[in-house]
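S.K.: dropping the sequence and predicted coords here.
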Amino acid sequence: MTTVAKGLEGVVAAESAISAIENGMLFYRGIDIDTLAERSNFEEVVYLLWHGRLPKRSELDALRSALLEEARVPDDVLELLRRAPKDAHPMSVLRTAVSALALYDPEADVMTEAANIRKAVRLVAKTPTLIAAWHRLRQGKEPILETESAFTAERFLAMLHGQKPEPEAVEALDKALVLHADHEFNASTFAARVTVGTLADLYSGVVSALGALKGPLHGGANEQVMKMLEEIGTPERVEAVIREKLERKERIMGFGHRVYKQGDPRARHLKRMSERLTAKIGEPHWFQMSEAIEALVGALKGLKPNVDFYSATVYHSLGIPRDFFTPIFAMSRMAGWTAHILEQYADNRLIRPRAEYVGPKNVSYVPIEARG
Ligand code: SDX
């Protein structure tokens, strides 16, 4: 009897040179996430993940120009958004719209590395536009498609809110995008690799990843964290509500991790951002509740916050609606997904594990007349 690794826990599925999780620290191409969070920016991290090294100034400027140039989305895809039900979940809308982008990309099925890099640029450039467009369309407003900013965080906030964002908000979102950009073989990245492992196209790989990220055990957790905080309402109610959830064997969203058992290094940065930003908007109780939940879940379950816990109050403080939290995660992880897809193509082997069969054997075929 083979020992099944449930959820592939502990299984090393392939070699990768993109990001590493070692001794409780995360590294992108060998640079630790603390350094990147403090000193880098999203576009530089996109280049680093794709090309394996930090860009020269000219290369970074060229990438920013390419992203700005590719930020528009085809009118037909916008038309698809216009017709979408206003109560559709933003992750379902994003998954559908990204899938539709492939129909209007003449290189969608071109498999050269150069074409795949160009498609990766289009996806990183257009995802923020799609998310911001949906936010405005579902409110009955016209999308804002052009902004002069070559900085993804600034461009996104300008398209989302229809006004130039404050520098502190841009800096916070840019840091959150750096923190979420890649994470080894997480479920959505592995879904992308399994998909393109068949030599399917890059868009197909990204659509698989979007589907996987939506789930509350993965990227969907950040939205559930905000929902939980809104249900709790005040720091005084934290203990009663959390104890009740744990007694009902409920998962506390934003806590625990398959790999990090001593805490998620990204959570430390997001916690500091949450404290600063919730105070800035005059709503410190969100952070106070979060800290109280962290202390209680730590004491009762020995679990620590993951990337999704404090990111919820960071995004709330930036005026982002909670059902857009996972799309923001996707906007950043688009960099990691496409980097892993490029790596999978370069060193490809069909990903096809086995199953331990536990169903019935030697079953006879009974003609339908004799089945009662
Ligand atoms: C992300 O993998 C990545 O890298 C993902 C990610 C990335 O950057 O891509 O880091 C992003 O997805 C972060 C995780 C977001 N999801 C959540 O916050 C949802 C809540 N967390 C859990 O469901 C859970 O912690 C997972 C899914 C994150 C990890 O689950 P595992 O590794 O499969 O652990 P498990 O389910 O086997 O739990 C082990 C024990 C269990 O207790 P027992 O049944 O053995 O008594 O810990 C308990 C679980 O019940 N437990 C929790 C819990 N997480 C684990 N109990 C309460 N609340 C929780 N959140």
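M.R.: Now that the structure is in, tell me what you want to look at. Residues are numbered from 1 along each chain as shown.
S.K.: can we go C-alpha only for contacts and neighbour counts from here?
M.R.: Noted.
S.K.: ok, the residue in the stretch 101-250 of the chain positioned nearest to the ligand - contacts?
M.R.: With C-alpha to the nearest ligand atom as the measure, residue 218 is the residue of the stretch 101-250 of the chain nearest to the ligand, at 3.1 Å. By C-alpha atoms under 8 Å, 6 or more residues apart in numbering, the contact list for residue 218 reads 187, 212.
S.K.: roughly how far apart are residue 122 and residue 332?
M.R.: 13 Å (C-alpha to C-alpha, to the nearest Å).
S.K.: more neighbours: which of these two?
M.R.: The residue with more neighbours, out of residue 122 and residue 332, is residue 332; 26 against 21, by other C-alpha atoms under 10 Å.
S.K.: give the contact list for the more buried one.
M.R.: 42, 124, 177-178, 180-181.
S.K.: and residue 264, by the same measure?
M.R.: For residue 264, the contacting residues are 24-25, 257, 304-307, by C-alpha under 8 Å, 6+ apart.
S.K.: so which strand or helix has residue 26?
M.R.: Element membership of residue 26, judged by DSSP states H and E, is strand 25-28.
S.K.: identify the residues contacting the helix or strand following that strand?
M.R.: Following strand 25-28 in sequence order, the next helix or strand is strand 31-32 (DSSP H and E). Contact with strand 31-32 is made by 25-26, as judged by C-alpha under 8 Å, 6+ apart.
S.K.: work out the gap between strand 31-32 and the centre of the chain.
M.R.: 20 Å (C-alpha atoms, centre = their mean, to the nearest Å).
S.K.: parallel or antiparallel, list what pairs with it.
M.R.: If you go by DSSP bridges, strand 31-32 pairs up with strand 25-28 (antiparallel).
S.K.: avg pLDDT for the strand it pairs with?
M.R.: Strand 25-28 shows a mean pLDDT of 98.
S.K.: so residue 288 sits against residue 235, correct?
M.R.: Yes - the criterion here is C-alpha atoms under 8 Å, and residue 288 meets it with residue 235 at 6.3 Å.
S.K.: quick revisit: quick one: the contacts of residue 332 as JSON lines, columns for distance to residue 284 and secondary structure too.
M.R.: Listed next are those as JSON lines, based on distance: C-alpha to C-alpha, whole Å; DSSP: H, G, I helix; E, B strand; the rest coil:
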{"residue": "42", "distance to residue 284": "27", "secondary structure": "helix"}
{"residue": "124", "distance to residue 284": "33", "secondary structure": "helix"}
{"residue": "177", "distance to residue 284": "23", "secondary structure": "helix"}
{"residue": "178", "distance to residue 284": "25", "secondary structure": "helix"}
{"residue": "180", "distance to residue 284": "24", "secondary structure": "helix"}
{"residue": "181", "distance to residue 284": "27", "secondary structure": "coil"}
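S.K.: for the ligand, what are the nearby residues on the stretch 151-300 of the chain?
M.R.: For the stretch 151-300 of the chain, the residues in contact with the ligand (C-alpha under 6 Å from any ligand atom) are 183, 186-187, 216-219, 221, 251-258.
S.K.: and the residue lying closest to residue 163 once chain neighbours are set aside, what are its phi and psi?
M.R.: Once flanking residues are discounted, residue 163 sits nearest to residue 157: 7.9 Å by C-alpha to C-alpha, 6 or more residues apart in numbering. For residue 157, the backbone dihedrals (degrees, to the nearest 10) come out as phi -60, psi -40.
S.K.: repeat that for residue 162.
M.R.: When read as degrees, to the nearest 10, the backbone of residue 162 gives phi 70, psi 20.
S.K.: quick one: pLDDT of it?
M.R.: Reported pLDDT for residue 162: 94.
S.K.: now swap in residue 3 and tell me
M.R.: The model's pLDDT for residue 3 equals 87.
S.K.: so which strand or helix has it?
M.R.: Assigned by DSSP H and E, residue 3 belongs to no helix or strand.
S.K.: how about residue 289?
M.R.: Short version, using DSSP H and E: residue 289 is in helix 285-301.
S.K.: off-centre distance for whichever helix or strand comes after that helix?
M.R.: Using DSSP H and E, the next helix or strand after helix 285-301 towards the C-terminus is helix 307-317. Centroid displacement of helix 307-317 relative to its chain, using C-alpha atoms, centre = their mean, is 13 Å.
S.K.: and for helix 307-317, what are the contacting residues?
M.R.: 172-173, 176, 180, 219, 221-223, 225-226, 253-255, 264, 266-267, 270-271, 273-274, 277-278, 281, 286-287, 290, 321-322, 325.
S.K.: which of these are buried?
M.R.: For the contacts of helix 307-317, a neighbour count by 16 or more other C-alpha atoms under 10 Å gives the buried set as 172-173, 176, 180, 219, 221-223, 225-226, 253-255, 264, 266-267, 270-271, 273-274, 277-278, 286-287, 290, 322, 325.
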